[in-house]
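**Q** Have a look; sequence and predicted model below, questions after that.
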Amino acid sequence: MSDNLKIGLFVGMEWSWPPAFIDEVNNRTAETGVTAEFVKTGGIAENVDNPYRVIIDRISHEVPYYRSYLKNATLQGVKVVNDPFMWTADDKYFGTSLIKKLGVAVPKTYVLPNKDYVPGIDHEKSLRNLESSIQWDKIVEDLGGFPLVLKDAHGGGWNAVYIVHSMQELWDAYNESGLLTMILQEFVEWDIYARCMCLGQEEVRVMQYNPNERYYYPEPEFDDALFKHIHDDTLKICQAFGYDMNTCEFAVRDGIPYAIDFMNPAPDMDVNSLGQNHFDWMVTKMADHMIRFAKSDSQTRKRYDWGQKAIDAESQSDAE
């Protein structure tokens with residue numbers, strides 16, 4: 001791992017937040033010794049030193065080569081935001097089960113068998129563990145009846161999300177899901193809605209949000225108790241997953257915030273959707289936390305047994 005205190009960015013089509021973040025970090029270099037830039041990479045060998053102390057990932061869910069690069073970067077001691085191993089493994093069904101155990105309110109949820117399978121699957125032989133049919137009536141009744149929410153367990157950005165009001169609508173949406181693994185959830189009719197950004201597993205921006213209009217209010221209108229409840233649940237969720245850059249969404253019904261979307265490891269940071277007030281906070285606070293990581297000994301690999309073994313092997317090699 002390089003001694004240089006550099007932060008690298010992997011980005012996609014977004015244009016507003018990345019250059020603003022880089023400028024914010026580099027404007028502080030004289031004080032902090034930390035710089036930021038876009039990562040450039042091609043084919044690389046195994047176990048080469050990585051030039052970055054921290055890498056921020058906002059696109060590897062769409063570019064598999066980047067995910068492989070980032071996994072290897074963690075092995076070399078880089079702090080990767082967010083952890084590519086957890087990001088690869090997470091899904092909304094597991095996440096719902098986990099945060100419910102942590103005491104966060106969630107909609108009642110079922111995970112459904114896939115509609116379609118990859119070529120080569122023999123339905124008579126490869127799917128012998130599946131029941132012969134989905135018990136639709138039983139599941140719908142247990143979820144409290146329609147309307148219900150059907151969505152991709154691994155999706156984001158409101159893709160493959162359906163609000164269904166009848167069995168026919170449910171079947172039609174399910175039949176379009178193809179290879180996706182879908183979850184079916186109780187629909188929470190909300191009185192007020194929040195979308196919260198959590199950075200560095202320490203700091204939360206509680207934002208009032210209208211998901212129907214995709215609109216962020218400049219300032220939230222929650223009472224103090226509700227604000228604290230949402231704030232604390234967001235921290236609890238992000239610390240459990242180990243995400244240092246994540247948004248959590250809460251539909252508030254009868255004063256209770258239900259976490260309905262909480263796995264957004266490449267969250268919206270665009271000035272046009274957030275508005276200038278929230279955007280400026282994202283730029284400044286991300287710089288604060290990423291500089292903090294760059295100047296610390298924080299390493300993604302320390303979360304894992306294989307990572308500790310690599311650290312021990314490096315220490316032994318240095319001693320010899």
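**A** Done, it's in. The model shown is predicted, which means the values in this text are computed figures rather than measured ones. Residues are numbered from 1 along each chain as shown.
**Q** which SS class is the closest residue in space to residue 78 that isn't next to it in sequence?
**A** Once flanking residues are discounted, residue 78 sits nearest to residue 50: 5.1 Å by CB to CB, 6 or more residues apart in numbering. Where you see a C-beta, it was placed from the backbone N, CA and C, and this is true even at glycine. When classified by DSSP: H, G, I helix; E, B strand; the rest coil, residue 50 comes out as coil.
**Q** so what pLDDT did residue 50 get?
**A** In this model, residue 50 is scored at 95, pLDDT.
**Q** To what extent is it buried, counted in neighbours?
**A** Per other CB atoms under 10 Å, the neighbour tally for residue 50 reads 24.
**Q** so it makes contact with residue 76?
**A** Yes: using CB atoms under 8 Å, residue 50 is in contact with residue 76, at 4.5 Å.
**Q** Pull up the distance across stretch 216-229, start to finish.
**A** Taking CA to CA, to the nearest Å as the measure, stretch 216-229 stretches 19 Å from start to finish.
**Q** Over to stretch 196-204?
**A** Stretch 196-204: ends 6 Å apart by CA to CA.
**Q** Give the buried residues for it.
**A** 196-201, 204 (16 or more other CB atoms under 10 Å).
**Q** I'd like those residues laid out as a markdown table, including secondary structure and distance to residue 284.
**A** Formatted as a markdown table, those follow (DSSP: H, G, I helix; E, B strand; the rest coil; distance: CB to CB, whole Å):
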| residue | secondary structure | distance to residue 284 |
| --- | --- | --- |
| 196 | strand | 17 |
| 197 | strand | 12 |
| 198 | strand | 15 |
| 199 | strand | 10 |
| 200 | coil | 13 |
| 201 | coil | 17 |
| 204 | strand | 15 |
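**Q** Most widely separated two among these?
**A** Pairwise distances across the buried residues of stretch 196-204 (CB to CB) peak at 13.7 Å, for the pair 196 and 200.
**Q** which outside residues touch stretch 144-161?
**A** 61, 91-93, 107-108, 111, 140, 162-167, 170, 173-174, 177, 180-187, 211, 260, 263-264, 266 (CB atoms under 8 Å, 6 or more residues apart in numbering).
**Q** got the domain boundaries for this protein?
**A** By the assignment in automatic domain parsing, the chain contains the domains 1-81, 108-186, 189-278.
**Q** Figure out which of these is closest to residue 313.
**A** domain 1-81 (11.1 Å).
**Q** Tell me the spacing between the residue nearest to residue 78 and residue 74.
**A** Distance from residue 50 to residue 74, counting by CB to CB, to the nearest Å: 9 Å.
**Q** Can you show me the helices along the chain?
**A** 17-26, 29-32, 64-75, 84-89, 92-101, 136-142, 167-175, 224-241, 271-274, 276-294, 305-319 (DSSP state H).
**Q** can you put these in TSV and add mean neighbour count and distance to residue 125?
**A** TSV is the format used below for the helices of the chain (neighbours: other CB atoms under 10 Å; distance: least, CB to CB, whole Å):
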stretch	mean neighbour count	distance to residue 125
helix 17-26	18	48
helix 29-32	11	60
helix 64-75	19	29
helix 84-89	17	28
helix 92-101	17	26
helix 136-142	13	25
helix 167-175	15	23
helix 224-241	18	36
helix 271-274	16	48
helix 276-294	19	49
helix 305-319	11	34
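**Q** any idea which of the ones you listed scores lowest on pLDDT?
**A** Among the helices of the chain, helix 305-319 scores lowest, at a mean of 92.
**Q** In terms of secondary structure, what does that one contact?
**A** Helices and strands touching helix 305-319, by 3 or more CB pairs under 8 Å, 6 or more residues apart in numbering; DSSP states H and E, are helix 64-75.
**Q** mind checking how far the helix it packs on is from the chain centre?
**A** 17 Å (CA atoms, centre = their mean, to the nearest Å).
**Q** again with stretch 287-300
**A** That offset, for stretch 287-300, works out to 19 Å (CA atoms, centre = their mean).
**Q** related to what we said a few turns ago, please list only the buried members of the contacts of stretch 144-161.
**A** Here, 16+ other CB under 10 Å leaves 61, 92-93, 107, 140, 162, 164, 170, 173-174, 177, 180-187, 260, 263-264, 266 buried among the contacts of stretch 144-161.
**Q** give me every residue that touches residue 249.
**A** 193-196, 209, 211, 259-262.
**Q** The closest residue to it other than its chain neighbours - how many residues pack around it?
**A** Nearest in space to residue 249, with sequence neighbours left out and distances taken as CB to CB, 6+ apart, is residue 261 at 4.0 Å. Around residue 261 there are 19 other residues, counting by other CB under 10 Å.
**Q** Likewise for residue 77?
**A** 21.
**Q** cool, residue 244 as well?
**A** 26.
**Q** What of residue 37?
**A** Neighbour number of residue 37 under other CB under 10 Å is 14.
**Q** in the sheet, who's paired with it?
**A** Per DSSP bridges, the residues bridged to residue 37 are residue 8.
**Q** Residue 4 is in contact with that one, correct?
**A** No: under the criterion of CB under 8 Å, residue 37 is not in contact with residue 4, lying 10.8 Å apart.
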